[in-house]
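Peer 1: Structure for this input, please:
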Amino acid sequence: MKITWVVGLLLLQLCFSPPAMGQSKISTDLTDDEVDLLYGLFKDVDSFGLISLALVGDAERIGLGEDKLTNYLDGKFAKYFCNIRYEDLSLNPAKLAAAIVQRDRKLGIITFRVWVIGDDFPLAYHVRCDAGSFENPSIWSEEVLGHGSKRTVPTAIKEILNELMQQFAEVFLKVKGEKCTR
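Peer 2: Numbering: from 1, shown residues only. Modelled structure (predicted):
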């Protein structure tokens, strides 16, 4: 039964997905007007309050860890969003609850879901990133399907997480009319 799912995911990838390493630049090839129309809600976002990652399926069995990958993403945020403030609200449950209840549109969130099926070759994986605000958590979304072995998939997933964060940063900064300067 498991092999049926893996084969099904691989076929879906071949038919409907961008290249396995997420090298599609669909969202960053848009004109300024298109970016404004699709992602203009980001103009209200002043800072970010949550970067979260969830592992699903066999991800932990192949050596992936939520805490380690979340810390990796925090570092990538600092690199690509160098002028944008990030305060991790998961460390302050009262502030996090307030942002959720108030549906704060000025506070951004970035969520990742990494789903892995299998524990050796062939492994199939799906990585999804949603970014938005507490009012609208999915203003921007991108996802990647891929496959590989237990040896190659963790590195591939890390590279995809990096690329998704970079792609989102490009869109966000373009909407805000800002450049990342150090």
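
Peer 1: Pull the contacting residues for the residue nearest to Leu107 when sequence neighbours are not counted.
Peer 2: Of all residues not flanking Leu107 in the chain, Gly49 sits nearest, at 4.4 Å (CB to CB, 6 or more residues apart in numbering). C-beta here means a position set from N, CA and C on the backbone, and glycine is covered the same way. The contact partners of Gly49, taken as CB atoms under 8 Å, 6 or more residues apart in numbering, are 86-89, 95-96, 99, 104, 107-109, 134.

Peer 1: which one of these is nearest Lys43?
Peer 2: Taking CB to CB as the measure, Gly108 is the one of the contacts of Gly49 closest to Lys43, at 11.4 Å.

Peer 1: So which bits of the strand or helix carrying Tyr72 are buried?
Peer 2: If you go by DSSP states H and E, Tyr72 is part of helix 66-80. Across helix 66-80, burial judged by 16 or more other CB atoms under 10 Å covers 69-70, 72-73, 76-77, 80.

Peer 1: which residues sit against it?
Peer 2: Counting by CB under 8 Å, 6+ apart, 48, 51-55, 86, 88, 110, 112, 114, 158, 161-162, 165-166, 169-170, 180 sit against helix 66-80.

Peer 1: taking those residues one by one, which sit in strands?
Peer 2: 48, 51-55, 86, 110, 112, 114 (DSSP state E).

Peer 1: and which of these is nearest Val144?
Peer 2: Once CB to CB is applied, the member of the ones in strands among the contacts of helix 66-80 that ends up nearest Val144 is Val114, at 10.1 Å.

Peer 1: Quick check, pLDDT for the closest one.
Peer 2: In this model, Val114 is scored at 97, pLDDT.

Peer 1: neighbours of it, just the number please.
Peer 2: 24 (other CB atoms under 10 Å).

Peer 1: so who does it touch?
Peer 2: Taking CB under 8 Å, 6+ apart, we find Val114 in contact with 53-56, 59, 64, 69, 125-127, 157, 161.

Peer 1: try 6 Å
Peer 2: Neighbour list for Val114: 55, 59, 127, 157 [criterion: CB atoms under 6 Å, 6 or more residues apart in numbering].

Peer 1: Count the residues that sit near the first one.
Peer 2: Translated: Leu55. Leu55 sits with 19 neighbouring residues when counted by other CB under 10 Å.

Peer 1: How about it: which residues does it bridge to?
Peer 2: Beta-bridge pairing of Leu55 under DSSP bridges involves Val114.

Peer 1: Surely Tyr86 touches Leu50?
Peer 2: No - counting by CB atoms under 6 Å, Tyr86 does not reach Leu50; the two are 9.0 Å apart.

Peer 1: Those two: which has the busier surroundings?
Peer 2: Leu50 (19 against 16).

Peer 1: quick one, what contacts the more buried one?
Peer 2: Leu50 is in contact with 89, 109, counting by CB under 6 Å, 6+ apart.
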